[in-house]
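A.B. asks: just to be clear, the model below is a prediction. Sequence and coordinates:
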Amino acid sequence: MENLLSTLALTVFVGILALLAQWSRKSRRGEISLLIVLVFVSLLLLATGVLLGAVWISGQMPPGLYPQELLGITSIPVAMAGLVGLALCVPTLRKILGGRPNGEFWTDPPTFLALWLFATVLLSNNLVGILGFEQLNQVGAFSLGTGGRIPPVAILASQLPFLVLALLGVGIGVRRGFRETLARLGYGPISLRNVGVVVLFIVGAFALSVVADYLFSLLQPDLYREVGEISGTLFNPKGLSPAAAILFALLIGVGAGLGEETLFRGAVQPVFGITATSILFASMHVQYGPSLLLGYIFLLSIGLGLLRRYFNTTTCFLAHAGYNTLGILAAYFFGM
């Protein structure tokens, strides 16, 4: 319940920021308001990082409340996120003070917000999750509060901020109508050719996963076991009836595919390109820790990015959802 409430709160916050960014394209007051909010949150992140660092150095954190080693891992990226967030605010501040119009890449309000969100999230959440994987796993951070198999509703809820940010970030209801929004996000019809490409992508992704899994188990055996335990706990369909397992796999696959592809391939890639989008996409998978799997996910993201470039986001979504769904079903029916 706590995770659901925090997700809803995050969704509302992100949605308000995205609407404010769209409003800022036509309103200097809106732009000033957006800048003030982002400067405030950046300062908050910086102060939090400094405070955590001070507690870490002093060793005053009560035992059992928060792992001492994790304090050090957390403090530096969080403080860096605050500094980077403040740095990204400087071009917009100069534009406002100079009375210059929109047009520059760094100061276009939706782009400015996207850069700020991605930079701060990448440092304050993703980097901490990857570097502090061992300590976070010890305190059960990757169980998502479930203690067992993840409910599909939790996956769907976790994708809600992605969808809201993507839709509002491209201006639905403000600059674009529903059809224009879908077109901007790259959603469109598919043909038999698209279906064939999706099948080839899934087959290739599974073949690559076999190689990645083998190298992971060979080169990082301890981390391989830890990651396997997390994935097995959260996404293992064993114990369900065949019908329930199929439904579970579909909900997980479709939920994750829709949210991630709409945001990363639909909204972000046309602005920031395939490589930058893929780095961000791979970094979001903190449950794999500092493992070789992040490289595998990066390669998958490059492939999905090419599908977006040469076909459309619908093709990316089908490939992503199909891969996730079949992966869970393979574990259920074949013990893979």
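C.D. replies: Nice, thanks for sending it over. Residues are numbered from 1 along each chain as shown.

A.B. asks: counting neighbours, what do you get for Leu52?
C.D. replies: Here the neighbour count serves as a burial measure; for Leu52 (other CB atoms under 10 Å) it reads 21. Any C-beta I mention is one placed from the backbone N, CA and C, and that applies to glycine too.

A.B. asks: give me the domain ranges for the chain.
C.D. replies: According to the domain assignment given by automatic domain parsing, the chain is divided into the following structural domains: 1-139, 188-336.

A.B. asks: in a markdown table: those, plus distance to Pro152 and mean pLDDT.
C.D. replies: As requested, these are arranged in a markdown table below (distance: least, CB to CB, whole Å; pLDDT from 0 to 100):
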| stretch | distance to Pro152 | mean pLDDT |
| --- | --- | --- |
| domain 1-139 | 13 | 86 |
| domain 188-336 | 4 | 93 |
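
A.B. asks: show me the one of those that comes nearest Gly171.
C.D. replies: Shortest distance between Gly171 and those, using CB to CB, is found for domain 1-139: 5.1 Å.

A.B. asks: returning to that earlier point: do you know which of the domains of the chain lies nearest Ile150?
C.D. replies: Closest among the domains of the chain, using CB to CB: domain 188-336, at 4.5 Å.

A.B. asks: quick check: which of the domains of the chain is nearest to Val164?
C.D. replies: With CB to CB as the yardstick, what comes closest out of the domains of the chain is domain 1-139 (4.7 Å).

A.B. asks: about what we covered before: now render the domains of the chain as TSV, adding distance to Gly171.
C.D. replies: Formatted as TSV, the entries for the domains of the chain read as follows, by distance: least, CB to CB, whole Å:
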stretch	distance to Gly171
domain 1-139	5
domain 188-336	10
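
A.B. asks: out of those, flag the one nearest Phe162.
C.D. replies: Taking CB to CB, domain 188-336 is the member of the domains of the chain nearest to Phe162, at 3.9 Å.

A.B. asks: how far off centre is that closest one?
C.D. replies: 13 Å (CA atoms, centre = their mean, to the nearest Å).

A.B. asks: begin at 66 from now on, thanks
C.D. replies: Done: numbering now begins at 66, and the last item shifts to domain 253-401.
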